[in-house]
Each structure stands twice: as C-alpha cells, then as structure tokens.
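Enquirer: Pasting a predicted model and its sequence here:
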Amino acid sequence: MAVYATRGGCAMVAAAEPVAVSGGGTAPKLWDLRARNPIERSVIRGQDFSDDTIFEDAGRFSVQGGANPAPNIRTPGPDMGNFSNSAYTLPQGGAYVEFSPVTLSGPMSGGSANYSSPFLLRYGVTDDTEFRVLGCGIQPNYGGDEHITGFTPLAIDLKVHLWDENKEGLLPATALEVWIQSDLLSTSSEFDEGLQPAISLNFDKSLPAGWSLEVNVGIAGQEKPDGREIIDETVQWTVSRNLSPNVNVFVNGYLNTIAGPGNGGGAMIGGGAFWYLSDRVATFGSYNGGLNDEAPTTLAQLGLSIAY
C-alpha cells in the first residue's frame, strides 16, 4: 500500500488493481479515498499527470507504509513564491517552513525602498484545516528620509479546505482563509498597524494543456501611509504550468495586497518559477513590476520551501 498526495486532495492510497504503463508492465491504479474513483488527472502546480506518466518517475511522490503521506513539498505545494494562496491544506501533522531571505522591494508612494525576509510557517491541524504564522521578518529600510531596521509584526492565519475541484465540471477547489495582522514581536512602532483583519476565498482550477489557475478574492484591513485605516477588496491570481517534473513557471498579479507575507499595495504583475530539488525541498524566484503609484516599482524574491 502506498500513499500519493495531490494538490486536489490530501492523501491517496493505491489499490492493487493493475494498469498498463508506458514501456510495458503494469502498476497499481491509484484510488482517491474521498471520491472512491480512480484518479484520472492530477494537477500539481499546473502539471498534468496521466495514468501513464504517474509511474514513469516514482520520485514525483513520496511512499510510506500506513495511511499517512511522507513529507512532500510538491503536494499540496508551497504557498509562498507567487502572490496567491492555494485552496489546499497540509495533511494532519504535516508542516512546511517557507521563507525568502532575499526580497527586494522598490519605492512606492509614501514609502521608501526596502529589503525584507518574509516567512510562512504552516501546520496541518486536520486534513482540511491548516494553522499558519507569517510575517515579513527583518526589514531594514533604505532610501528616503528614514532609515529603520527591525523585526516586523506577526500575522495569525487559518485556512480551511472546503471542497475539491470537480474536474468534470466548472466547480473549482475552494478554501476559506482568515487572518489577523497583529503587533506581536514588532521592534519598531513604524512597522505597527494595529489589528488588521482579512478574509478570502481561495480557488484552484485545472485548465487544458496542463495549465492551472489560482484566484483569491477577499477583503483586508490596511493602514495607508497617511494613517487612514480602510477595508480594501483584494484579488490575487496565478496561472502556472510545469515545464518538467521539477520545474514550474508562473505569471501572477495582485490588487491591493499580497496573499501572505510581503510588502505591497496598489497593483502588480510579474512572473517566476519553482524548482523542486527533491520531494522535500523547493526553491522559488520571481520578478514583478508595479502598475500604479501605490505599488512598489519592482519586487524581486528568492526563497526556499521545506516539508517536514
């Protein structure tokens, strides 16, 4: 018995029913324990695994005796790296550490350029509920009139997976995500914005030719540079496709804020890639440009995601 976790579900268990694979021979067909149906198409960050290709490279998924998947960064995949968050959650007891030690943000209206080191800690409370802690880490500002270095405040986040994608129809996989920005661990009042709530619906949908789409729609509290506190509508999106089993490319954008740790308002668009070094480690990088005065002129990021 083996385990295969996809972005469309937390755990898959292989039954003994054989299927033919390319190159001759047979392999067990995978069964989705939630849907009670054979897996016909599984998308991981935009990659389409057919029945023939699932077994050509056993390194694409982790195998472990029993009903729990081994740590796997490919499934459900990182939430840092691009602007949107997925609709899927870690399996119960699973953990990810995601961080970007190199994040450079250009100047924006009312703010200077800066360096930050955002991070995201994720833990699977249940197969459908994920507890998350995130922040921008250490942030030394440079340029402008003020030069401040400090640790930015934490945000507490909860993501609940509501349902899987209906691959035969138009219904996307959906999750509800709520979080609160706090002043916890902040080392400077310049970084504090008080308690700022946010809520979003996260959607994932597989597209033809191996492409996939993530869209987040919600609202978030924000403090503007002039001190005004407002509630803004927020949208983040990512279109992605795997170029190989280990390389995924994407185009992404946002309106008003990033869905996760990071600096930015206004609107921004850009692109990047994930490189899966193993089943437990992935690297990512992106370069993005602002579309209006409220957004940073540029945003460049290099980071790492690790599954435990």
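Expert: Looks like it arrived, so ask away. Numbering: from 1, shown residues only.

Enquirer: Count the residues that sit near residue 283.
Expert: 15 (other C-beta atoms under 10 Å). To be clear about C-beta, it is placed using only N, CA and C from the backbone, and glycine gets the same treatment.

Enquirer: Residue 209 falls within a helix, correct?
Expert: Yes. Looking at residue 209 with DSSP: H, G, I helix; E, B strand; the rest coil, it is inside a helix.

Enquirer: Quick one: neighbours of it, just the number.
Expert: Neighbour number of residue 209 under other C-beta under 10 Å is 7.

Enquirer: what's the answer for residue 102, then?
Expert: 12.

Enquirer: For it, which residues are in contact?
Expert: For residue 102, the contact set (C-beta atoms under 8 Å, 6 or more residues apart in numbering) comprises 117, 300-303.

Enquirer: mind listing which of those are in helices?
Expert: Using DSSP state H, no member of these sits in helices.

Enquirer: And the residues you listed, which is the shakiest by pLDDT?
Expert: On pLDDT alone, residue 117 ranks lowest of the contacts of residue 102, at 89.

Enquirer: That one and residue 169: what is the separation?
Expert: According to C-beta to C-beta, to the nearest Å, residue 117 stands 42 Å off from residue 169.

Enquirer: cool, and residue 84?
Expert: 22 Å.

Enquirer: So which of these two has more stuff around it?
Expert: Taking other C-beta under 10 Å, residue 84 and residue 169 do not tie; residue 84 has more neighbours (28 against 7).

Enquirer: my read: the more buried one touches residue 252, true?
Expert: Yes. Here residue 84 reaches residue 252: they are 6.5 Å apart, a contact under C-beta atoms under 8 Å.

Enquirer: Need the overlap of contacts for those two.
Expert: In contact with both residue 84 and residue 252: 236-238, using C-beta under 8 Å, 6+ apart.

Enquirer: Among those, which one lies nearest to residue 308?
Expert: residue 238 (24.4 Å; C-beta to C-beta).
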